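Q: below: sequence and its predicted model.
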There are 2 protein chains.
Amino acid sequence: MEGSLPKPGTKSRVASPTRDPERTRAAILRAATAEITAKGLTGARVDAIAERAGVNKRMLYHYFGDKQGLYLAVLEHTYAAIRTAEIGLNLTELDPVAGMRKLVLFTWHYFIDHPEFLSLLATENMNRAAYLKKSKAIRPLHGSLVDLIEALLKRGAQQKIFRDDVDPVELYISIAGLGFFYMSNRHTLSTIFGKNLSASARLAARGEHIVEVVLAYLKPVEKT
Amino acid sequence: MEGSLPKPGTKSRVASPTRDPERTRAAILRAATAEITAKGLTGARVDAIAERAGVNKRMLYHYFGDKQGLYLAVLEHTYAAIRTAEIGLNLTELDPVAGMRKLVLFTWHYFIDHPEFLSLLATENMNRAAYLKKSKAIRPLHGSLVDLIEALLKRGAQQKIFRDDVDPVELYISIAGLGFFYMSNRHTLSTIFGKNLSASARLAARGEHIVEVVLAYLKPVEKT
DNA sequence: GCCGTAAGTAACTATACGGTTACTATGCAG
DNA sequence: CTGCATAGTAACCGTATAGTTACTTACGGC
C-alpha cells in the first residue's frame, strides 16, 4: 500500500535521498574546498574530493567540467562569502573610530574563522591569479569594499580625528596584511619563535595590536 | 700528444667540466628552488628540476635522497639567506628611529628582491610547517633576530621616543606582514583592485607607507 | 503511463610521475 | 699503476591520477 511510502508529491527537501542535484553539487563544492585548501590545487586529488563528498567521481565532471572548473567554482564561492559579509557590516551608523575598529576586528576574525580563505589566496597567488583573472563574477564585488573604506576615511578626516591623506586601498592592504600574515604563516612563525601563535589568548591580543597599529597610523599628525 | 690536453694536475676550478660535485649540487639546488617556488612542492616535477639543472635525474637522488630531502635543503638554504642578511644590518650604530626605518625597509626590499622566499613560506605553511619542524638547522637562526629588535626597542624606550610596552615578536610580525601580504598577494590584489601593484613607483610608496605605520605605532602615547 | 532528459554508477585507460636498476667513467690514495 | 669510492648515464618500472566510456535509474512534462 502506498500509504507507508515517502510521498513523492510533496516537493519538500526531505523526500527521497536519491537524485538531489543541489545537494550533490553542494557536497562536491564543500569537499573540494576542504581538499584544495588543505593541499593546494596540484596537491588536491580528484578521487579524494569525490570520496569526501560521498559522490561518484563522474559527478564532479558532470557538474564542474574538470578539476580546473571545480577550482574556479571554489574560488568564486569563497571570495563572494567574505565580500558579502563585509557589506553587511553597516559602518555608516558608527563614529569613524568605532567604525574602523569594527572593520579591523571583523577582518581579523574572518581570517581566524575562515582559514580556507587564506589557503586559497596562497594557492591562487602561487598561480599568479590566473583563475581569478578568468572569473567574471569576482571583480565587481570589490568596488563596494573600497567605497566603504573611503566613506569612513572621509568622515574621519572631516571630524579631524583621521589624517586626510590616506589611500583606502593601501590602508585595506595594511589591515588585511597585519592579520593575514599572522594567520597564514602561523605554523612557520610558531616554530621559529617557539610560541604557539594559535592560542586563543594570543589571537585576542593580536586583534588589539592590529587595532592599535591602524588607529595610530590614522591619527592626524600633530602640528609642530 | 698529451701536451694539448687540459692539465689535470692543477686543482683550479676551471679544469675539467666533468666531475664537479659542488657545481652539480649547487645547480640542482638552484633549479629546485626555482621550480618549487614557482609551482609548490606538489606541483614541482622532479624531471623538470633535473632538466633545468642540466643534470641527470639520478643525481638528485644521489645528493638529496628524495624529493622531500631536496625540498628541505631548499628551505634551509632560503631561510639561512635572509637571517644572515639581517645580522649584517648593524643597527646598533644608528639612533632608534633611523635603525627601525632601516630594518623596516630592509625587510620590505628583501621581499621585493626575493619572491622565492615568499612562495616558499606559502608552500611550507600550507604544509603546516612539517619540514621546518624537522630541520635542526633553521630554528637557532632566529634568536638573534629577536635580540636585534629587542635592543632597538629598549634604546628607543630609554630615549622616550618609542613606547615602552612593545612586544618584539608582535612587532616583527607586523613589519613583515605589512610587506609580505602586499608582495605575496600582489597578483590577486592587482586584479581585484584594478591597479598594477608591482609598478616600481607603487613599491616605493608602499615602503614609505609601511615605515609610517610602524613609526606611528611606536610613538609614545601622549599624556592626557 | 510513457518517454526524453538529467542524475548517477562502475569499470576502464593513457600517461605522467617519483623513484630504481644496472651500468660506466673518473680521479686520487697508496 | 692500480684499486676503489664517488660522480655520472640511460633505460626502465609500478603506481597514482585526471579524465572517459558505456551503461542504468529516476523524474517530470505531456
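A: Everything's here; your move.
Q: could you point out which element follows the longest helix anywhere in chain A?
A: Longest helix in chain A by number of residues (criterion: DSSP state H): helix A:21-43. Next helix or strand after helix A:21-43 toward the C-terminus (DSSP states H and E): helix A:46-53.
Q: what's the following helix or strand after that following helix?
A: For helix A:46-53, the following helix or strand on the C-terminal side (DSSP H and E) is helix A:57-64.
Q: ok, that next one near DNA strand C or not?
A: Yes. Against DNA strand C, helix A:57-64 shows contacts by Cβ under 7 Å from any atom of the strand at A:Lys57, A:Arg58, A:Met59, A:His62. Any C-beta I mention is one placed from the backbone N, CA and C, and that applies to glycine too.
Q: next one: that helix, is it in contact with DNA strand D?
A: Yes. Counting by Cβ under 7 Å from any atom of the strand, contacts between helix A:57-64 and DNA strand D involve A:Lys57, A:Arg58, A:Tyr61.
Q: columns distance to A:Tyr110, pLDDT and neighbour count on top of those, output as CSV?
A: Below are the residues of helix A:57-64 next to DNA strand D laid out as CSV (distance: Cβ to Cβ, whole Å; pLDDT from 0 to 100; neighbours: other Cβ atoms under 10 Å in any protein chain shown):
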residue, distance to A:Tyr110, pLDDT, neighbour count
A:Lys57, 33, 96, 15
A:Arg58, 35, 96, 9
A:Tyr61, 33, 97, 15
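Q: for those, which one is nearest A:Gly207?
A: When the residues of helix A:57-64 next to DNA strand D are compared for distance to A:Gly207 (Cβ to Cβ), A:Lys57 comes out closest, at 41.9 Å.
Q: poorly predicted segments of chain A, please.
A: In the predicted model, chain A carries pLDDT under 70 at residues A:1-17, A:223-224.
Q: tell me the helices in it, going along the chain?
A: A:21-43, A:46-53, A:57-64, A:67-87, A:96-113, A:115-126, A:130-134, A:143-158, A:168-184, A:186-193, A:200-218.
Q: ok, the last one near chain B or not?
A: Yes. Shown here: helix A:200-218 in contact with chain B (Cβ under 8 Å from any Cβ of the partner chain) through A:Ala205, A:Arg206, A:His209, A:Ile210, A:Glu212, A:Val213, A:Ala216, A:Tyr217.
Q: buried ones from those, can you make that a ChimeraX selection?
A: Selection of buried members from the residues of helix A:200-218 next to chain B for ChimeraX, criterion 16 or more other Cβ atoms under 10 Å in any protein chain shown:
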select /A:206,209,210,212,213,216,217
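Q: and the two most separated of the residues of helix A:200-218 next to chain B?
A: A:Ala205 and A:Tyr217 (19.0 Å).
Q: residues contacting A:Ala122?
A: A:Ser184, B:Ala122, B:Asn125, B:Met126, B:Ser184 (Cβ atoms under 8 Å, 6 or more residues apart in numbering or on different chains).
Q: redo these as JSON lines? Include distance to DNA strand D.
A: As requested, the contacts of A:Ala122 are exported to JSON lines (distance: Cβ to the nearest atom of the strand, whole Å):
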{"residue": "A:Ser184", "distance to DNA strand D": "24"}
{"residue": "B:Ala122", "distance to DNA strand D": "20"}
{"residue": "B:Asn125", "distance to DNA strand D": "21"}
{"residue": "B:Met126", "distance to DNA strand D": "16"}
{"residue": "B:Ser184", "distance to DNA strand D": "25"}
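Q: of those, closest to DNA strand C?
A: Here the nearest of the contacts of A:Ala122 to DNA strand C, counting by Cβ to the nearest atom of the strand, is B:Met126; it sits at 16.2 Å.
Q: what sits up against stretch A:31-47?
A: By Cβ under 8 Å, 6+ apart, stretch A:31-47 touches A:48-50, A:52-53, A:55, A:57, A:60, A:67, A:70-71, A:73-74, A:77-78, A:115-116, A:119-120, A:123, A:126-127, B:39-43, B:126.
Q: mark which of those are buried, thanks.
A: A:48-50, A:52-53, A:55, A:60, A:67, A:70-71, A:73-74, A:77-78, A:116, A:119-120, A:123, A:126-127, B:39-43, B:126.
Q: circling back: and the residues of helix A:57-64 next to DNA strand D as TSV, adding distance to B:Asn90?
A: Output for the residues of helix A:57-64 next to DNA strand D, formatted as TSV (distance: Cβ to Cβ, whole Å):
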residue	distance to B:Asn90
A:Lys57	59
A:Arg58	63
A:Tyr61	59
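Q: look up the closest residue to A:Lys133, ignoring the ones flanking it.
A: Distances taken as Cβ to Cβ, 6 or more residues apart in numbering or on different chains place B:Thr191 nearest to A:Lys133, at 5.6 Å, with adjacent residues excluded.
Q: give me the contacts around stretch A:77-93.
A: A:29, A:33, A:99, A:102-103, A:106, A:110, A:114, A:116-117, A:120, A:132, A:137-138, A:141-142, A:144-145, A:148, A:151-152.
Q: what of stretch A:55-74?
A: A:24-25, A:27-29, A:31-33, A:36, A:41, A:44, A:46-47, A:49-50, A:120, A:131, A:134-135.
Q: kindly check the end-to-end length of that stretch for me.
A: 17 Å (Cα to Cα, to the nearest Å).
Q: now find how far off-centre that stretch is within its chain.
A: Counting by Cα atoms, centre = their mean, to the nearest Å, stretch A:55-74 is centred 21 Å from the centre of its parent chain.
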